[in-house]
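Asker: sequence? don't have it. structure:
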Ligand code: ARG
Ligand code: GLU
């Protein structure tokens with residue numbers, strides 16, 4: 001293992017055996033051996049670092065995959081069986097659902113392997129190996145070059161290294177910056193493309209609690225689905241083919257039926273997407289004061305319109321449930337994040353840290369020359385950025401949050417293309433139109449349009465105002481509803497027939513004359529002229545600053561083991577099963593049970609409508625081998641593992657390397673962990689694997705799947 005100088009600096013830690021690492025951190029699997037393993041073992045991990053990540057023998061990394069583009073999955077049998085979340089498999093389940101076969105509502109269980117359903121476009125990605133390539137990427141970089149030029153050389157180097165690394169292989173390469181560009185890692189991946197749907201519980205179980213319970217503890221969601229990886233006869237990736245055979249993995253997880261207790265060791269192994277733990281106080285303030293509140297406000301409006309309409313008809317409920325869930329998910333997270341950051345007094349904490357850092361910088365002439373400018377420059381830059389960031393929220397969250405505007409923008413492609421390429425694109429569009437309109441309710445979108453344009457009109461300074469807003473103010477006395485009525489009844493983009501006939505007789509002139517198209521282009525032009533030119537430049541400066549700031553922190557904190565921000569690469573986080581105290585006088589237990597599901601049962605409330613079959617199993621206490629030793633079925637549990645979006649579906653592993661759960665969420669009090677982790681409040685929420693097995697076996701009767709697994713009793 002070759003480690004660059006800068007990483008040695010990052011991890012320059014004196015190996016004191018009493019040195020304990022906090023539960024915070026998303027660690028690089030390749031470096032566990034060097035930095036974390038002793039600490040992990042002290043906390044209850046019984047295996048070795050090589051058991052987690054090894055390039056010489058089968059290790060856990062061979063059983064963990066990036067599922068699709070933003071979730072994690074793990075292998076649970078030697079026949080390529082994969083478990084991930086229900087919300088990660090949702091798109092696949094939905095794509096096979098129709099009125100006759102409503103798998104979302106009723107669940108789906110393939111009777112035999114031949115009944116498993118293929119999912120074009122779905123992939124799973126395994127990490128073959130990773131390598132520190134910092135020195136190669138930063139070769140020939142003159143620190144004095146302008147950031148834009150440096151980035152160009154870096155990008156060229158990255159492309160070269162990637163191409164070289166996979167030349168003549170079936171692998172794919174990825175190369176990503178760590179520690180804000182102070183280190184670079186190369187990832188060699190193997191991508192399987194024949195992934196079939198094996199099973200999913202009904203949404204009333206897999207999405208139990210819906211958006212009401214989302215991001216909350218206590219929780220009772222049976223958030224899992226099952227897939228199987230298929231390979232060609234040589235066990236290698238292949239496109240879907242009915243002759244493909246179940247993939248034979250090097251490693252899969254044994255499953256523990258033994259349960260666990262408070263304070264037991266847990267480890268989560270998966271693909272966390274993005275964290276920002278090393279931001280300056282200025283950036284955190286920008287998120288807390290500008291970005292989050294305005295996005296929340298805009299989504300409040302949008303969600304209330306969607307929800308009101310969904311209540312009026314089952315058809316609209318079906319059309320908008322996935323969309324509303326998507327909008328509500330981040331909305332709710334941001335609300336929690338802002339509360340958590342306030343509660344933590346995050347800005348003051350950051351400022352205090354910056355004060356100490358500044359003292360340290362100023363104590364040495366050399367350091368002063370290198371880092372003296374950092375914080376004052378941040379301050380200046382965020383002052384310029386704030387008003388622009390503010391307008392951007394209204395441009396992208398509000399106007400581009402209008403479905404028809406967003407949809408129209410896709411057709412801009414046709415303006416860029418010519419001849420055959422254009423014809424090809426038109427044909428492609430034609431195939432997708434029906435799918436778009438199937439889930440589109442004109443009245444709902446129209447209300448959202450009027451409300452969000454009005455918000456833009458009321459919130460954004462004159463110099464960024466849009467033609468449409470000016471026109472509606474003048475001609476319609478600011479009545480956006482009235483104008484919306486007009487364009488929604490006329491535009492090409494609000495009606496399947498009109499759009500189809502337009503594409504059948506494509507004309508650029510007609511495209512440009514469409515009111516949605518011109519509104520979209522007007523927004524884009526104002527953005528380009530008045531915002532992008534400034535922000536692009538600033539963003540390059542920020543990249544440069546962030547890199548230097550990170551380096552300063554690494555030098556300043558050299559006795560502390562630092563972890564790089566999440567960047568959708570494979571990471572290990574470890575901690576323990578634990579309770580927490582959300583408010584004074586209240587302690588939350590670490591697990592929930594089927595009793596809690598039954599207590600929430602209410603056929604009147606969509607999110608809490610428990611299926612009869614589940615109630616029957618409960619009544620008969622027909623729990624098989626899946627009950628806890630307390631006699632109940634445990635459904636979900638919490639632990640201190642530091643996770644984020646992308647960790648959905650990740651294996652939760654006990655000290656023996658056995659699967660005890662599937663990660664699917666975080667608690668609301670802890671969602672600020674993407675920016676600042678608090679060991680007292682931050683918990684990840686997982687599905688107890690025994691609840692999943694109980695459902696597969698007792699609820700679905702899919703015993704053939706249980707038989708494939710290795711159960712540890
Ligand atoms: N909050 C979880 C995550 O960020 C689950 C989201 C899906 N569930 C939902 N009810 N919207 O992905
Ligand atoms: N539900 C999230 C996901 O899809 C995980 C929750 C989180 O942000 O930690 O990845």
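Answerer: Now that the structure is in, tell me what you want to look at. In this text, all values refer to a predicted model and were calculated from it rather than measured experimentally. Ligands and ions are numbered 1, 2, ... in the order given.
Asker: can you tell me the closest non-neighbouring residue to residue 261?
Answerer: In space, and not counting its chain neighbours, residue 261 is closest to residue 577: 6.8 Å by CB to CB, 6 or more residues apart in numbering. From N, CA and C alone the C-beta is placed, and that goes for glycine too.
Asker: tell me the bridge partners for the one you found.
Answerer: residue 639 (DSSP bridges).
Asker: what about it, how many residues nearby?
Answerer: 24 (other CB atoms under 10 Å).
Asker: how close does it sit to ligand 2?
Answerer: 17 Å (CB to the nearest ligand atom, to the nearest Å).
Asker: count of neighbours near the closest residue to ligand 2 within the stretch 601-713 of the chain?
Answerer: Nearest residue of the stretch 601-713 of the chain to ligand 2 (CB to the nearest ligand atom) works out as residue 648 at 2.9 Å. Residue 648 has 26 neighbours, counted by other CB under 10 Å.
Asker: A strand includes it, no?
Answerer: No. The assignment for residue 648, made by DSSP: H, G, I helix; E, B strand; the rest coil, is coil rather than a strand.
Asker: for it, list the residues it contacts.
Answerer: By CB atoms under 8 Å, 6 or more residues apart in numbering, residue 648 lies in contact with 70, 71, 72, 84, 85, 87, 88, 663, 664, 665.
Asker: try 7 Å this time
Answerer: 71, 72, 85, 87, 88, 663, 664 (CB atoms under 7 Å, 6 or more residues apart in numbering).
Asker: kindly report the same for residue 302.
Answerer: Residues near residue 302 by CB under 7 Å, 6+ apart: 327, 401, 448, 452.
Asker: same deal with residue 444?
Answerer: Going by CB under 7 Å, 6+ apart, residue 444 touches 305, 306, 309, 316, 320.
Asker: assign it to helix, strand or coil.
Answerer: Under three-state DSSP, the three-state class of residue 444 is helix.
Asker: who are the neighbours in contact with the nearest residue to residue 568 once chain neighbours are set aside?
Answerer: Spatial nearest neighbour of residue 568, chain neighbours left out: residue 273 (5.0 Å); criterion: CB to CB, 6+ apart. By CB under 7 Å, 6+ apart, the residues touching residue 273 are 70, 566, 568, 644, 645, 646.
Asker: can we see that at 10 Å?
Answerer: Neighbouring residues of residue 273 by CB atoms under 10 Å, 6 or more residues apart in numbering: 69-71, 566-569, 644-648, 674.
Asker: and residue 571, how close does it get to residue 647?
Answerer: 9 Å (CB to CB, to the nearest Å).
Asker: equivalent analysis for residue 330, please.
Answerer: For residue 330, the distance to residue 647 equals 16 Å [CB to CB].
Asker: also residue 191?
Answerer: Distance, residue 191 to residue 647, by CB to CB: 20 Å.
Asker: over to residue 308?
Answerer: On the measure of CB to CB, residue 308 and residue 647 end up 33 Å apart.
Asker: quick one, which of those two is more surrounded?
Answerer: residue 647 (29 against 12).
Asker: wouldn't that one be in contact with residue 661 here?
Answerer: No. In terms of CB atoms under 10 Å, residue 647 does not count as a neighbour of residue 661; the distance is 12.0 Å.
Asker: what helix or strand is the residue lying closest to residue 393 once chain neighbours are set aside on?
Answerer: Sequence neighbours aside, residue 294 is the residue nearest to residue 393 in space, at 4.1 Å (criterion: CB to CB, 6+ apart). Using DSSP states H and E, residue 294 maps to helix 292-312.
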